[in-house]
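Undergrad: coords below, sequence missing:
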Ligand code: FES
């Protein structure tokens with residue numbers, strides 16, 4: 001898999017997020033508790049930027065209507081049949097690299113947006129950290 005150098009490690013401290021663009025891809029990058037995650041920046045619901053959302057216990061919450069995605073797997077918590085794209089991240093020579101940005105069938109978004117979220121789904125998770133988007137540092 002090819003990796004693309006996207007930014008300096010020091011520009012994404014713990015608790016921060018960034019939105020990166022590579023060709024047609026827009027990816028939200030997070031430093032959550034010292035671990036880096038990359039997920040497609042477009043919410044599967046109505047396309048809001050996930051990079052502007054907040055994280056609760058490893059789950060990114062869309063800033064628009066609060067759809068939730070597992071940061072590691074991309075699975076939607078409201079509908080486990082839906083999955084957005086996630087990308088492998090590594091650090092080398094103090095730079096952050098993101099993989100899977102090029103055409104790869106094994107990394108597709110799955111499922112179709114349901115017309116409405118079931119009312120029975122409720123979430124009770126304490127907020128741990130709200131990342132701030134440091135786009136200006138890119
Ligand atoms: S656009 Fe993300 S939940 Fe609606």
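TA: Noted; the coordinates are in hand. Quick caveat, the model's predicted, so the values are computed rather than measured.
Undergrad: so the closest residue in space to residue 18 that isn't next to it in sequence is in which element?
TA: Distances taken as CB to CB, 6 or more residues apart in numbering place residue 29 nearest to residue 18, at 4.8 Å, with adjacent residues excluded. In this view, the C-beta of every residue, glycine as well, is placed from N, C-alpha and C. Using DSSP states H and E, residue 29 sits in strand 25-32.
Undergrad: by contact count, what packs against that strand?
TA: strand 3-8, strand 17-22, strand 35-40, strand 95-99 (3 or more CB pairs under 8 Å, 6 or more residues apart in numbering; DSSP states H and E).
Undergrad: tilt between that strand and strand 35-40?
TA: For strand 25-32 against strand 35-40, the angle by axes from the mean of the first three to the mean of the last three CA atoms, to 10 degrees is 150 degrees.
Undergrad: partners of strand 25-32 in the sheet?
TA: strand 17-22 (antiparallel), strand 35-40 (antiparallel) (DSSP bridges).
Undergrad: show residues contacting it.
TA: Applying CB atoms under 8 Å, 6 or more residues apart in numbering, the external contacts of strand 25-32 come out as 6-7, 12-21, 36-42, 49-51, 53, 55, 58, 60, 71, 87, 89, 96, 98, 101, 129, 131.
Undergrad: could you give me the buried positions within stretch 66-77?
TA: 66, 67, 68, 69, 70, 71, 74, 75, 76, 77 (16 or more other CB atoms under 10 Å).
Undergrad: what is the lowest-pLDDT residue among those residues?
TA: Among the buried residues of stretch 66-77, residue 77 carries the lowest pLDDT, at 91.
Undergrad: for the ligand, see how far away the residue nearest to residue 18 is.
TA: Distance, residue 29 to the ligand, using CB to the nearest ligand atom, to the nearest Å: 18 Å.
Undergrad: next, the distance between the ends of stretch 24-37.
TA: With CA to CA, to the nearest Å as the measure, the ends of stretch 24-37 fall 19 Å from one another.
Undergrad: let me see the confidence value for residue 37.
TA: As predicted, residue 37 sits at a pLDDT of 96.
Undergrad: what's across from it in the sheet?
TA: Applying DSSP bridges, one finds that residue 37 bridges with residue 30.
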